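A.B. asks: prediction below, plus the sequence it came from.
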Amino acid sequence: MTIFFHHYLDVFALVTSAEIRKVRQEQPENLATLCYKATERLVKAVDNSCRTATEQQAVLNCVRLLTRIIPYIFEDSEWKDFFWSALPSSNERDESTPLAQSLLNAICVCLKKLELAY
């Protein structure tokens, strides 16, 4: 299922701060999975060069969602090392890249592509 936020304010209206904090406290694995999946989707779209309108919308939505939830992750000191953990991998011996590095690399590539487009 793909969720589209048509405007950046949609994510703020649909994903409230109270809901984010509640998930962080009561179901932290779900919040972690949401961050992992949004980052994974962002990286995948960037790796495919964001050629289609669907991929471009996916990137935009991932950035909107991550922009909304990341501040609430950093509110809690128990989550301070979260972004330096590796993305889950199907191969246990695979030394994965930390989530923060994957996210920053994807953002830098997106910004570079925007720079080249203008």
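C.D. replies: On my side now, so go ahead.
A.B. asks: residue boundaries of the strands in this protein?
C.D. replies: For the chain, no strands are identified by DSSP state E.
A.B. asks: Ser85: neighbouring residues, count only.
C.D. replies: Other residues lying near Ser85 total 14 when counted by other Cβ atoms under 10 Å. Using the backbone N, CA and C atoms, a C-beta is placed for each residue, glycine as well.
A.B. asks: oh sorry, the question was meant for Ile70
C.D. replies: 17.
A.B. asks: who touches the residue nearest to it when sequence neighbours are not counted in this structure?
C.D. replies: Leaving aside its chain neighbours, Ile70 sits nearest to Cys35 (7.8 Å; criterion: Cβ to Cβ, 6 or more residues apart in numbering). By Cβ atoms under 8 Å, 6 or more residues apart in numbering, the contact list for Cys35 reads Leu66, Ile69, Ile70, Ile73, Phe82, Leu99.
A.B. asks: repeat for Asn105
C.D. replies: Val43, Thr97.
A.B. asks: that one and Val15, how far apart?
C.D. replies: 25 Å (Cβ to Cβ, to the nearest Å).
A.B. asks: just to revisit the earlier point, Val59: which of the contacts of Cys35 is nearest?
C.D. replies: Checking the contacts of Cys35 against Val59 with Cβ to Cβ, the nearest one is Leu66 at 10.7 Å.
A.B. asks: wait, the closest one touches Lys37, no?
C.D. replies: No: when contacts are counted by Cβ atoms under 8 Å, Leu66 is not listed as touching Lys37 (10.5 Å).
A.B. asks: the two: which has the busier surroundings?
C.D. replies: The neighbour count for Leu66 versus Lys37, taken as other Cβ under 10 Å, is higher for Leu66 (18 against 14).
A.B. asks: what about the more buried one, distance to Arg21?
C.D. replies: Counting by Cβ to Cβ, the gap from Leu66 to Arg21 is 16 Å.
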